[in-house]
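Here is a sequence with its predicted model. Questions after.
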Amino acid sequence: MSARILFVTGTNTDVGKTVATAAVASVALRAGQRVAVLKPGQTGVAPGEPGDAAEVRRLAGDVTFLELARYPEPLAPDTAARRSGLPFLSPASVASAVADLSDTHDLVLVEGAGGLLVRYDDEGRTLADHARATASLGLPVEILLVASAGLGTLNIVSLTAEALEARGLPLTGVLVGSWPTEPGLAERCNLADLPRSAGAPLLGALPERAGSASDFGALALASLGPELGGHWNAEHFAKLHSKV
């Protein structure tokens, strides 16, 4: 049986991709799966400093973590690479790393930087190109979109969904990366509107500050839908918050 391969992208920076990646990894580990997390390009972290790998391991546990390139300035990967004089990251190198990890793991999570079309090199290639290169090897690529909950998110979700469809990449679903403790009207309405904008189901909602939970594993199970291995129910969640 081939590994499941999920490319995790976001509607923007700071929408909770790393915590979302850790949540999916945590649930899979609890189910006895062998989990690998690939971070193609880590930006804004100097050599020797802890990056997303440290955060995923802190939250999820014993996952295999591979980082292909690290750039010290907190910029888009292509700009960060150019300014640092370090090599760009190619789709072929990402696809090769995913293929290697898929041979020995049940789940491979590939966490992008920022949104889907953030550039990784001077040819304008993006996470979408990394996913297409991986799919070209015959591997079963899926895309998980981590979205913000509030006003303005629907347009970006729609644009991302259209970009994926144009490239022949399957959007498995949308995950809210940070659901507010006190959701407003926009957040509550978006529970119904996000799936419509994405043309794909809502697969969970992680509460804000999920990364500081005392039992992150239990929280992940309760916040992710069955498609991601958890117990979260979209209909129940929507009904609960329609009364807020």
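Nice, thanks for sending it over.

for Ala3, what are its contacts?
The contact partners of Ala3, by CB atoms under 8 Å, 6 or more residues apart in numbering, come to Leu101, Ser102, Asp103, His105, Asp106, Leu107, Val108. The C-beta positions use only the backbone N, C-alpha and C, and glycine is treated the same way.

what about the strands in this protein?
Using DSSP state E, the strands found in the chain span residues 4-10, 35-43, 64-71, 107-115, 141-147, 171-179, 202-207.

Distance to Arg82, mean neighbour count and mean pLDDT added to those strands, as CSV?
Compiled in CSV, those are given as follows (distance: least, CB to CB, whole Å; neighbours: other CB atoms under 10 Å; pLDDT from 0 to 100):
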stretch, distance to Arg82, mean neighbour count, mean pLDDT
strand 4-10, 22, 25, 97
strand 35-43, 12, 24, 94
strand 64-71, 9, 19, 93
strand 107-115, 15, 26, 94
strand 141-147, 27, 25, 98
strand 171-179, 29, 24, 97
strand 202-207, 34, 24, 97
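
Which strand residues bridge the nearest residue to Pro170 once chain neighbours are set aside?
Nearest residue to Pro170, sequence neighbours excluded (CB to CB, 6 or more residues apart in numbering): Glu142, at 5.6 Å. Listed by DSSP bridges, the beta-bridge partners for Glu142 are Leu6.

Glu142 and Ile156, how far apart?
According to CB to CB, to the nearest Å, Glu142 stands 19 Å off from Ile156.

Okay, the residue sitting nearest the centre point of the chain and Pro183: tell me how far apart.
The C-alpha lying nearest the average C-alpha coordinate of the chain belongs to Val8 (CA atoms, centre = their mean; 2.5 Å). Using CB to CB, one obtains 23 Å as the distance from Val8 to Pro183.

go on, Gly124?
Taking CB to CB as the measure, Gly124 and Pro183 are separated by 37 Å.

Quick check on those two: which one has the bigger neighbour count.
Of the pair Gly124 and Pro183, Pro183 is the one with more neighbours under other CB atoms under 10 Å, namely 18 against 10.

Now Val56: closest residue in space, sequence neighbours ignored.
For Val56, ignoring the flanking residues on the chain, the nearest one in space by CB to CB, 6+ apart is Ala22 at 4.6 Å.

mind listing what the one you found touches?
When contacts are counted by CB under 8 Å, 6+ apart, Ala22 is found next to Glu55, Val56, Leu59, Ala60, Gly211, Phe216, Ala220.

Buried subset of those residues, written for ChimeraX?
Command for ChimeraX, covering only those of the contacts of Ala22 found buried under the criterion 16 or more other CB atoms under 10 Å:
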select :56,59,60,211,216,220
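
coming back round to it: tell me the pLDDT at the residue nearest to Val56?
Among the per-residue scores, Ala22 holds a pLDDT of 97.

picking up where we left off before, list the contacts of the residue nearest to Pro170.
With contacts defined as CB under 8 Å, 6+ apart, the neighbours of Glu142 are Arg4, Ile5, Leu6, Phe7, Pro170, Thr172.
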